[in-house]
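Peer 1: What shape does this take:
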Amino acid sequence: MSIIYLIYQIFIGLPIFLAVTILTALITIIGCWLGNGHFWGYYPGKYWSQFTCWLFLLPVKVTGRENLDKNTSYVFVANHQGSFDIFLVYGYLHRNFKWMMKKSLRKLPFVGKACESAGFIFVDKSSPRKVYETIKNAEKVLQDGTSMVVFPEGARTFTGHMGEFKKGAFLLANQLQLPVVPLTIDGSFDILPRTGKFLSWHRMKLTIHAPIYPIGKGDDNLKKIMTESYEVIEKGLPHEYQGKVFNPDQ
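Peer 2: Numbers count the residues shown, from 1 in each chain. Modelled structure (predicted):
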């Protein structure tokens with residue numbers, strides 16, 4: 001099965017994926033340029049993600065959608081197992097949101113321009129002023145009633161275990177008094193670990209946990225939402241991936 005799957009992904013899956021990715025990026029760029037970025041900045045990417053999971057024959061299971069209110073903006077925070085986290089969250093969260101992502105991703109051909117057109121937030125850590133500007137841009141997005149998805153570890157895991165959480169997403173939630181929703185991603189690491197070159201067939205599971213609501217504004221609330229989010233996400237992982245591990249590029 002592994003040999004057949006390898007041949008399939010190289011000669012069928014990958015060429016189709018590349019073509020559809022370029023097409024999706026162009027649709028996003030043109031659609032956002034024409035207007036209604038709220039629609040074109042989300043739905044092409046959503047269907048691209050679902051198609052990618054279908055193309056590579058990856059089963060997906062989602063639990064916990066009942067925890068969300070369709071009229072509420074959230075800051076979603078998820079563990080970062082691998083590249084397929086993007087497809088899982090984008091395709092199956094079923095919420096219109098913006099990504100907060102690394103500045104380096106803006107350089108990706110087609111995709112980087114599409115993300116910029118869609119209004120995603122690029123994190124610039126080059127100076128304190130740039131970090132401040134990033135946070136202010138994110139605040140504007142969230143104040144418009146849109147949700148945001150962040151990987152607070154800042155980088156994909158090397159081991160499947162979670163690393164330290166950075167404060168950025170939680171500072172936003174604290175400042176704007178928005179609920180934080182922890183997301184547990186399971187299976188993405190088994191499909192394509194950070195050091196891997198080819199896909200392995202494996203199911204993916206997205207667990208949408210109950211929102212963590214603010215208890216006020218300040219350090220106590222910040223510490224609470226960070227700690228609870230980490231603990232909830234970690235408990236949703238299989239036992240072999242529980243436990244914090246140092247990630248060298250955090």
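
Peer 1: Give me the buried positions along the one helix or strand in the chain whose mean pLDDT sits lowest.
Peer 2: Lowest by mean pLDDT, DSSP states H and E among the helices and strands of the chain is helix 128-143, with a mean of 76. Residues Thr134, Ile135, Asn137, Ala138, Glu139, Val141, Leu142 are the ones in helix 128-143 that count as buried (16 or more other CB atoms under 10 Å). C-beta here means a position set from N, CA and C on the backbone, and glycine is covered the same way.

Peer 1: Pretty sure Phe122 is one of the things the first one touches, is it not?
Peer 2: The one in question is Thr134. Yes: in this structure, Thr134 is within contact of Phe122 by CB atoms under 8 Å, at 7.3 Å.

Peer 1: Beyond the longest helix seen in the chain, next helix or strand please.
Peer 2: The single longest helix within the chain, with elements called by DSSP state H, is helix 14-34. Once the chain leaves helix 14-34, the next helix or strand it forms, by DSSP states H and E, is helix 37-40.

Peer 1: And that next one, what's buried?
Peer 2: So for helix 37-40, counting by 16+ other CB under 10 Å, buried means Gly37, His38, Trp40.

Peer 1: Check which element follows it along the chain.
Peer 2: Taking DSSP H and E, what comes next after helix 37-40 is helix 43-55.

Peer 1: what does that next one contact?
Peer 2: For helix 43-55, the external contacting residues (CB atoms under 8 Å, 6 or more residues apart in numbering) are 13, 16-17, 20-21, 24, 27-28, 31, 60, 84, 86-88, 90-92, 114, 118, 204.

Peer 1: In PyMOL, select just the buried ones from those.
Peer 2: Under the burial definition 16+ other CB under 10 Å, those of these that qualify are selected in PyMOL by:
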select buried, resi 13+17+21+24+27+28+31+60+84+86+87+88+90+91+92+114+118+204
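
Peer 1: Hmm, Pro193 is touching Gly160, no?
Peer 2: Yes: contact criterion CB under 8 Å: Pro193 and Gly160 qualify, at 7.3 Å.

Peer 1: where does this protein have low pLDDT?
Peer 2: 1, 144, 249-250 (pLDDT under 70).

Peer 1: make it 80
Peer 2: Residue ranges of the chain with pLDDT under 80: 1, 104, 124-135, 137, 139-145, 246-250.

Peer 1: Give the helix, strand or coil label for Leu171.
Peer 2: Here Leu171 is recorded as helix under DSSP: H, G, I helix; E, B strand; the rest coil.

Peer 1: Give me the neighbour count for it.
Peer 2: As a burial measure, Leu171 scores 17 neighbours (other CB atoms under 10 Å).

Peer 1: Then Val75?
Peer 2: So Val75, with other CB under 10 Å, has 29 neighbours.

Peer 1: so how far is Phe170 from it?
Peer 2: According to CB to CB, to the nearest Å, Val75 stands 8 Å off from Phe170.

Peer 1: which residues do these two both contact?
Peer 2: Val180.

Peer 1: Quick check: closest non-adjacent residue to Asn67.
Peer 2: Computed as CB to CB, 6 or more residues apart in numbering, the closest residue to Asn67 that is not its neighbour in sequence is Ala210, at 4.8 Å.

Peer 1: whoops, I mixed them up, Gly91
Peer 2: Nearest non-adjacent residue to Gly91 (CB to CB, 6+ apart): Ser49, at 3.2 Å.

Peer 1: how deep is the one you found tucked in, by neighbour count?
Peer 2: So Ser49, with other CB under 10 Å, has 21 neighbours.
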